[in-house]
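S.K.: Let me see the structure of the following:
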Amino acid sequence: MRLGALLGPVVDAAAASTLPDQARGLVADGYASLWSAHAVGRGFMLTDPLIALAAAASVTDRVEIGTAVLQLPLYRPAELAHRVLSLAQLCGSRLLLGIGAGSTRADFAAAGADFARRFATFDASLAVLRALLLNGRADDVDLAPWPAVSRPALLFGTWGVNVERAAREFDGWIASAAYRTTEQVVAALARYRAGGGGRAIVSTIRLDRSTDLGALKDQLDRFANAGFDDAVVMFLPGAPAPVKVRALVR
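M.R.: Numbers count the residues shown, from 1 in each chain. This next block holds a predicted model:
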């Protein structure tokens, strides 16, 4: 199982300009992928995910970079496709685009979007986004992307009945460990595999000052033994040093 890390969050003024340094440090410590989460309007700030990944892409040349996950209903599909294809100019085939319908009402309020209709909006936007990423065109929109620009793998960040949909329709599945137990995540993976799913990523494994490295190793081992391809940790204030966490996965 590969180990990745979420960039940020930036927690003080002294660290406000260190995203490139953070990316370099995580790569030096052996992390296989760098990710950025998407949250707005919740009383704390995460860097815009595509900006964070542009910073990471500019100072790395091998590791994968990805969104875990973008809330698709908060974007206009053509605008998002243009930004994603622009980012792909920096990182090429390393880009992984994780998308979801969103789950937090405050984010939708901040964006002026309809939380109640998020699933319908997701489906409508997904159809347009797929077309634009595939050939640069959808209806009257023609982005005319450069022929050499890579198209990212499309991953579905979801839960519940949509786990099987991730297996059928997407290049991979992102499961969040932020609000679910290890047992719940492992059980959902079994459903994903039964549905023929490919790459499986468990993300947002939160680490803070209370994290016990022994217990964390046990959790990561369980994810690996269950068959996850990747685990992605999130360093919060007071978390163990990234190099110590990386040493837990061989």
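
S.K.: residues in contact with stretch 146-156?
M.R.: By Cβ atoms under 8 Å, 6 or more residues apart in numbering, the residues outside stretch 146-156 that reach it are 66, 69, 84-85, 88-89, 92-93, 95-100, 130, 133-134, 162, 165-166, 169-174, 199, 201. (Each C-beta comes from the backbone N, C-alpha and C, glycine too.)

S.K.: How about stretch 55-66?
M.R.: 4, 7, 19-20, 23-24, 27, 31-36, 53, 87, 90-91, 94-98, 155.

S.K.: State the mean pLDDT of it.
M.R.: For stretch 55-66, mean pLDDT rounds to 96.

S.K.: Give me the buried positions along it.
M.R.: By 16 or more other Cβ atoms under 10 Å, the buried positions in stretch 55-66 come out as 55-57, 60, 63-66.

S.K.: With stretch 20-27 instead?
M.R.: 22-23, 26-27.

S.K.: and if you look at stretch 208-223?
M.R.: So, applying 16+ other Cβ under 10 Å, buried residues of stretch 208-223: 211, 216, 219-220, 223.

S.K.: excluding its backbone neighbours, what's nearest D142?
M.R.: G136 (6.4 Å; Cβ to Cβ, 6 or more residues apart in numbering).

S.K.: For L85, see how far away the one you found is.
M.R.: Per Cβ to Cβ, to the nearest Å, G136 is found 8 Å from L85.

S.K.: what is in contact with those two at once?
M.R.: In contact with both G136 and L85: 143, 145, using Cβ under 8 Å, 6+ apart.

S.K.: Phi and psi next, for A194.
M.R.: Note on A194: backbone dihedrals following degrees, to the nearest 10 are phi -60, psi -30.

S.K.: Same question for the one 5 residues further on.
M.R.: Here is the backbone geometry of R199 (degrees, to the nearest 10): phi -60, psi 130.

S.K.: Pretty sure it sits against G172.
M.R.: Yes: counting by Cβ atoms under 8 Å, R199 does reach G172; the two are 3.5 Å apart.

S.K.: quick one: which of the two has more around it?
M.R.: G172 (22 against 16; other Cβ atoms under 10 Å).

S.K.: show me the contacts for that one.
M.R.: 96, 153, 155-156, 166, 197-201, 229.

S.K.: Report the buried members of those.
M.R.: 96, 153, 155-156, 166, 197, 199-201.

S.K.: Filter these down to the ones in helices?
M.R.: Mapping the buried ones among the contacts of G172 onto helices (DSSP state H) picks out A166.

S.K.: Among the buried ones among the contacts of G172, name the ones in strands.
M.R.: 96, 153, 155-156, 199-201 (DSSP state E).

S.K.: pLDDT and distance to P240 added to those residues, as TSV?
M.R.: Formatted as TSV, these follow (pLDDT from 0 to 100; distance: Cβ to Cβ, whole Å):
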residue	pLDDT	distance to P240
L96	98	25
A153	96	30
L155	98	27
F156	98	30
R199	98	27
A200	98	25
I201	98	21
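
S.K.: Backbone dihedrals for the residue most central in space within the chain, both of them.
M.R.: Ranked by distance to the mean C-alpha position of the chain (Cα atoms, centre = their mean), the top residue is A68 at 1.5 Å. Per-residue torsions, A68: phi -140, psi 80 (degrees, to the nearest 10).

S.K.: Report the secondary structure state of G66.
M.R.: Three-state assignment for G66 (DSSP: H, G, I helix; E, B strand; the rest coil): strand.

S.K.: Report the contact partners of L248.
M.R.: Contacts of L248 by Cβ under 8 Å, 6+ apart are 213, 216-217, 220.
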